[in-house]
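>>> Need coordinates for the below:
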Amino acid sequence: MTQVELHHGAATDVGLVRTVNEDAYLVAPPIFVVADGMGGHADGEFASRTVVEEFTRLAEGYDPTRGTETVTAVLEASQRRLLEHGRLGMRGPGTTVVAALLVEDDGEPAWLLVNLGDSRIYAVRGGALEQVSTDHSVVQELVDSGEITAAEADEHPERHVITRALGGPRLEPPDFFVLPVTEVERLLLCSDGVSGLVDDDRIAAILAESPDPRDAADRLVAAALEAGGDDNATAVVVDVVGLVPDQAYDSEQQRVSLEQKLGALP
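Below you'll find the model as predicted:
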């Protein structure tokens, strides 16, 4: 597969209200993940960490032509671990997950984007921000049915109630999206501690004003804190900066090369 040069940055914060950060993220090119744990403190931490651990194993080597199958296997493994954790007598933990992986689509590099829950994936294409994922939430269903407006959803009492997540009685189906790498300038993966407090216009402005993805991630989390910080806030920003054809893809060498260029990344 054509080698893709990526720059990336990530930031997370417990926020101004919570005492424990139940968010977790993974930056392991060509795989990026944000998970927002639920279930209370230790359980939420366990749930989000479990997803990150399973995707970390995937980052050690996978077939880019079998992206959807591979991600499904990762989610199934995560689900089994969460159910086993619940059977040990603890409250059943759950977590949202959004992920971005480089895959091969018809011989060309593409982003495979995955969503389960109400964390979000945004893409900057042609200089414009668009929300790629659709929230799996009660209020999104109400918006889709025309019962409430998007503005009303922001203040709805059930705005934090999600309809799909890992850790439930069964593995809920994730949404998959495929975008050609050449069409995407920047990706943003974030927990709802960012998207729930920072509106899309402000997100777009921060991304446009921050050419370094590390600065962009830091500023997005800071904006969430400035807006009240009532939840854990996590942002991962990924830029596509170049393509190198006809070379074997080595994710570990890619990571080392980028960190040598950019310095140690979070």
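>>> residues near residue 211, how many?
Neighbouring residues of residue 211 were enumerated by other Cβ atoms under 10 Å; the total is 11. Backbone N, C-alpha and C define where each C-beta goes, glycine included.
>>> what does residue 19 give?
Residues lying near residue 19 (other Cβ under 10 Å) number 7.
>>> Excluding chain neighbours, what is closest to residue 186?
The spatially closest residue to residue 186, leaving aside those adjacent along the chain, is residue 124, at 4.0 Å (Cβ to Cβ, 6 or more residues apart in numbering).
>>> From residue 238, how far out is the one you found?
Here residue 124 is placed at a distance of 10 Å from residue 238 (Cβ to Cβ, to the nearest Å).
>>> who has more neighbours, these two?
Using other Cβ under 10 Å, the more surrounded residue of residue 124 and residue 238 is residue 238, with 25 against 19.
>>> List the buried residues in the strand or helix carrying that one.
Of the helices and strands defined by DSSP states H and E, residue 238 is found in strand 233-244. Applying a neighbour-count criterion of 16 or more other Cβ atoms under 10 Å, the buried positions in strand 233-244 are 233-240.
>>> Export these to a markdown table and append columns for distance to residue 184.
Listed next are the buried residues of strand 233-244 as a markdown table, based on distance: Cβ to Cβ, whole Å:
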| residue | distance to residue 184 |
| --- | --- |
| 233 | 23 |
| 234 | 20 |
| 235 | 17 |
| 236 | 14 |
| 237 | 12 |
| 238 | 9 |
| 239 | 9 |
| 240 | 6 |
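>>> between those, which is closest to residue 110?
Proximity of these to residue 110 was ranked by Cβ to Cβ; the top entry is residue 240 with 11.0 Å.
>>> And the pLDDT at the closest one?
The pLDDT attached to residue 240 in the predicted structure is 93.
>>> end to end, how far does stretch 180-197 reach?
This stretch, stretch 180-197, spans 30 Å end to end (Cα to Cα, to the nearest Å).
>>> now it: mean pLDDT?
Here the mean pLDDT over stretch 180-197 is 96, rounded to a whole number.
>>> Understood, closing this out.
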